[in-house]
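In: Give me a model of this one.
(one chain, ligands or ions: 2)
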Amino acid sequence: MTDPSHSGDCFITGEWMSGEGAPFQKTCPANGDVVWTGRAASGAQVGQAVKAARAAFETWGRTEQVARQVVLERYAEELRLRKEAMALAISRDMGKLLKEARTEVDTMVAKVAVSIKAQADRAGEHSLPADFGHLDLTHRPHGVMAVFGPYNFPGHLPNGHIVPALLAGNTCVFKASELAPSVAPLMMDAFRAAGLPPGCVNLVQGGRETGGDLLAADINGLLFTGSEHTGRMFHRFLAGRPEVILALEMGGNNPLIVWDSADAEAAADIAIQSAYLTTGQRCSCARRLILPKGRFGDQVLESIVDRARRLSIGPWNDDTAFMGPLVSAHAAAQAVAFQNKLIAGGARAILPLEQRDKNLGFVSAGVVDMSDAPPMDEEMFGPLLQVYRADDIDQAITLANATRFGLAGGLVCDDLPTWDLVRNRLRAGILNLNRPTVGASGQMPFGGPGASGNFRPGAYYAADYCAWPQASQVAPSSLG
Ligand code: NAD
Ligand code: SIN
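Out: Ligands and ions are numbered 1, 2, ... in the order given. Predicted coordinates for the structure are as follows:
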């Protein structure tokens, strides 16, 4: 489906307009084609978008919950109609395989029903009897939410903030990722076609400067998914402003422990999915693999290296590929540089991650042995797995926890007491048994402690940060 209405860079008060800031473009990392050209929003346009959201909040914030729900259900339908166009936009911008981009759009559609359930379950209205009358609990929206998303799920992750925020009665200004700007306009078209009142969602395109303008604007909340570095900067910027809601979903340095009661081949398969899905560009990807010393660990490692060497790599429209390119040639060069830094510190490349063409984003999957290297507790957002070996499960858990992050983790093992031990001690918000670390369930909260965020988990728990509770004691008469 195409939208003849969609022309312009910014969507403000339900109208498209050209950006008045710096021009920028995005090239496809699979072939170098220019896939998006436009202009960033100027500071004045960001201000205009926030003003539009503020004005729309006056009505939308007081609209009946059920009426807001109906609009969002129509939005889900409009997204469904645009599925192929949205998937193509995502794939061309960031090189994500088309099959995965289609799944991303499906997740965006499903987010509406999940968020309606979560809003009723975790927020909503509740009443309890009391000896003087009753207790009423209701939830109120905050106001204008600034929404920032990462490039790796340029539709799904901002959508995962916007949908619960709107359901709760907030209005939004969304700054799309400059590395994947093409899907956001299609989302705006879907909102407009669904009948969302003008100003409830506004879009500004641009990079850091535009982001900085939005951050400094008169907002009531900042809903962010992205890197630790940016999240910390936002946190510092908003220090001393507790009245601004700040929800931070950041990165991870996720461990996967494979322990020796597991099947070696099945374990290797789970490790491959965990480390290399979406070319390692998922915040939940396993970055560190912890194996027992000895024969079983050797077998698992051999199988992983063998499988990783044979992974098929291709452009986003290659149905047989397992990995597409990284988001840009620059990201590919950075991945190689990260590996080189590990090697300089004493790591050994068992299977080197290599950039295939310096002008494109393709890299091969890599495996490095970290036995003789000090750990480097940084997130590497690409297909490189760092391997550690442990004498026993205690040491494995200690190694797994040797990170300031806490997003995701996993255990592959057929022994349930070992799972109980790991589950009690491993510090990770997403912790799976015999499942890849990636592919989180929409029915559950998503987020983790430490440098992975600020304890405001998203997904099913997004309803929590989108509304504030109002608790009332209600006596039917002043006479008591
Ligand atoms: P990023 O932090 O570089 O960018 C995210 C957004 O912030 C973009 O819109 C960007 O323009 C904006 N931004 C960046 N620096 C800014 C600045 N100085 N001022 C104003 N705005 C700024 O993240 P990314 O590279 O796009 O995404 C990858 C990161 O996202 C990884 O670290 C990954 O782990 C993380 N991520 C986290 C989750 C999660 O749920 N925890 C999910 C997916 C991705
Ligand atoms: C991500 O948000 O980057 C990954 C989520 C997932 O794989 O479930």
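In: Secondary structure class of the closest residue to ligand 1 within the stretch 1-150 of the chain, three-state.
Out: Proximity of the stretch 1-150 of the chain to ligand 1 (CB to the nearest ligand atom) peaks at P150, 2.9 Å away. All C-beta atoms are positioned from the backbone trio N, CA, C, and that covers glycine. Under DSSP: H, G, I helix; E, B strand; the rest coil, P150 falls in the coil class.
In: residue contacts, it?
Out: Contacts for P150 (CB atoms under 8 Å, 6 or more residues apart in numbering) come out as L157, S177, T225, G226, S227, C283.
In: surely G169 meets G143?
Out: No. Contact criterion CB atoms under 8 Å: G169 and G143 do not qualify, at 9.2 Å.
In: overlap in contacts of the two?
Out: The contact lists of G169 and G143 share F57, G61, where a contact means CB under 8 Å, 6+ apart.
In: So those two - more neighbours on which side?
Out: The residue with more neighbours, out of G169 and G143, is G169; 25 against 19, by other CB atoms under 10 Å.
In: Leaving out chain neighbours, which residue sits closest to that one?
Out: P141 (3.4 Å; CB to CB, 6 or more residues apart in numbering).
In: What is the burial count for that neighbour?
Out: The number of residues packed near P141 is 24, by other CB under 10 Å.
In: which other residues reach stretch 237-250?
Out: 142, 145, 157, 161, 215-216, 219-228, 231, 234-235, 283, 405, 407, 446-447, 451-454, 456-458, 462, 465.
In: Likewise for stretch 431-444?
Out: Contact with stretch 431-444 is made by 107, 110-111, 114, 254, 256, 262, 266, 270, 273-274, 277-278, 282, 284-286, 408-414, 419, 422-423, 430, 446, 459-460, as judged by CB under 8 Å, 6+ apart.
In: wait, does it make contact with ligand 1?
Out: No. Stretch 431-444 is not in contact with ligand 1 by CB under 6 Å from any ligand atom; minimum separation 8.6 Å.
In: And the chain, what are its domain boundaries?
Out: Using automatic domain parsing, the domain parsing of the chain gives 4-250+454-471, 254-441.
In: For the ones you listed, give me a markdown table that also has distance to ligand 2 and mean pLDDT.
Out: Shown next, in a markdown table, are the domains of the chain (distance: least, CB to the nearest ligand atom, whole Å; pLDDT from 0 to 100):
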| stretch | distance to ligand 2 | mean pLDDT |
| --- | --- | --- |
| domain 4-250+454-471 | 5 | 97 |
| domain 254-441 | 3 | 97 |
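In: so which two of the contacts of P150 are the farthest from each other?
Out: Maximum pairwise distance among those (CB to CB): 13.8 Å, between S177 and C283.
In: Those two: who's more crowded?
Out: C283 (29 against 26).
In: For the residue of the stretch 1-150 of the chain closest to ligand 1, give me phi and psi.
Out: phi -90, psi 170 (degrees, to the nearest 10).
In: ranges for the strands of the stretch 201-350 of the chain?
Out: Under the criterion DSSP state E, counting those that start in this stretch, strands of the stretch 201-350 of the chain are mapped to 201-204, 221-225, 245-249, 254-258, 286-292, 348-351.
In: let me redo that: the stretch 1-150 of the chain
Out: Here the stretch 1-150 of the chain has its strands, by DSSP E, counting those that start in this stretch, at 10-12, 15-17, 23-27, 34-39, 126-130, 133-141, 144-148.
In: got these as JSON lines, with distance to S364 columns?
Out: Output for these, formatted as JSON lines (distance: least, CB to CB, whole Å):
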{"stretch": "strand 10-12", "distance to S364": "39"}
{"stretch": "strand 15-17", "distance to S364": "41"}
{"stretch": "strand 23-27", "distance to S364": "21"}
{"stretch": "strand 34-39", "distance to S364": "24"}
{"stretch": "strand 126-130", "distance to S364": "54"}
{"stretch": "strand 133-141", "distance to S364": "47"}
{"stretch": "strand 144-148", "distance to S364": "31"}
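In: Show me which positions of stretch 66-82 end up buried.
Out: Within stretch 66-82, the residues that qualify as buried are R68, Q69, V71, L72, R74, Y75, A76, E78, L79, R82, counting by 16 or more other CB atoms under 10 Å.
In: Name the nearest residue to the fourth one, sequence neighbours excluded.
Out: The shortest distance from L72 to any non-neighbouring residue, by CB to CB, 6+ apart, is to V112 (5.1 Å).
In: What ranges does the stretch 351-480 of the chain have for its strands?
Out: Ranges of strands in the stretch 351-480 of the chain, per DSSP E, counting those that start in this stretch, are 366-369, 384-390, 408-412, 430-433, 445-446, 458-459, 467-474.
In: Can you say which of the ones you listed is packed in most?
Out: strand 408-412 (a mean of 29; mean count of other CB atoms under 10 Å).
In: does ligand 1 sit close to that strand?
Out: No. Judged by CB under 6 Å from any ligand atom, strand 408-412 and ligand 1 are separated, with a smallest distance of 8.8 Å.
In: ok, that strand: who's next to it in the sheet?
Out: strand 254-258 (parallel), strand 430-433 (parallel) (DSSP bridges).
In: okay, those strands in CSV with distance to R122 next?
Out: Formatted as CSV, the strands paired with strand 408-412 follow (distance: least, CB to CB, whole Å):
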stretch, distance to R122
strand 254-258, 26
strand 430-433, 18
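In: that older thread, and of the strands of the stretch 201-350 of the chain, who's closest to T103?
Out: T103 lies closest, by CB to CB, to one member of the strands of the stretch 201-350 of the chain: strand 221-225, at 17.8 Å.
In: gap between the residue nearest to G169 and L215?
Out: P141 is 20 Å from L215, where distance means CB to CB, to the nearest Å.
In: W468 bridge partners, please.
Out: Beta-bridge partners, per DSSP bridges, of W468: R140.
In: That one against G143, yeah?
Out: No. With contact defined as CB under 8 Å, W468 does not reach G143; the gap is 10.3 Å.
In: Looking at the buried residues of stretch 66-82, which is nearest H126?
Out: Nearest to H126 among the buried residues of stretch 66-82: Q69, at 17.5 Å, using CB to CB.
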